[in-house]
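Colleague: Using only what follows, build the 3D model:
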Amino acid sequence: QVQLVESGGGLVQAGGSLRLSCAASGRTFNINAMGWFRHAPGKEREFVARIRWSIGTTYYLDSVKGRFTVSRDRAKNTVTLQMNNLKPEDTALYYCAAQTIGARDYDYWGQGTQVTVSS
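Modeller: Model (predicted):
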């Protein structure tokens, strides 16, 4: 089992920045990758960013490239999503997720943290 807890959401004006954190606990040695997703009202859940736990390779949704940066601290078992130049369309509930070794998809999810960007 892996437990995930997000923090750092809030209300920000367009052009501003927020930093989301995700703390992992439990069987963290079994993590293969960590991801960030978002879910806006009336829309499907959307992949935002991913980072390979061991080698740190990152992947991003096209619309956030150059604005968002995902990083991880393996010693602290945390993943961070730095979000700059935020836009109103970034407003959503943001979730972190863990994909464990051997899993076909993300198999553990946090409870989410709300990000609201005002215009």
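Colleague: count of neighbours near residue 43?
Modeller: Residue 43 has 10 neighbours, counted by other C-beta atoms under 10 Å. The C-beta positions use only the backbone N, C-alpha and C, and glycine is treated the same way.
Colleague: got it, and residue 113?
Modeller: If we define neighbours as other C-beta under 10 Å, then residue 113 has 20 of them.
Colleague: Next one: it from residue 40, what distance?
Modeller: 14 Å (C-beta to C-beta, to the nearest Å).
Colleague: any residues in contact with both of those two?
Modeller: Residues touching both residue 113 and residue 40 (C-beta atoms under 8 Å, 6 or more residues apart in numbering): residue 93.
Colleague: Strands along this protein, start to end?
Modeller: Assigned by DSSP state E, the chain shows strands spanning 2-7, 10-13, 18-26, 31-39, 46-52, 58-60, 68-73, 78-83, 92-100, 108-109, 113-118.
Colleague: Redo these as JSON lines? Include mean pLDDT.
Modeller: Below are the strands of the chain laid out as JSON lines (pLDDT from 0 to 100):
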{"stretch": "strand 2-7", "mean pLDDT": "96"}
{"stretch": "strand 10-13", "mean pLDDT": "98"}
{"stretch": "strand 18-26", "mean pLDDT": "97"}
{"stretch": "strand 31-39", "mean pLDDT": "98"}
{"stretch": "strand 46-52", "mean pLDDT": "98"}
{"stretch": "strand 58-60", "mean pLDDT": "98"}
{"stretch": "strand 68-73", "mean pLDDT": "98"}
{"stretch": "strand 78-83", "mean pLDDT": "98"}
{"stretch": "strand 92-100", "mean pLDDT": "98"}
{"stretch": "strand 108-109", "mean pLDDT": "98"}
{"stretch": "strand 113-118", "mean pLDDT": "98"}
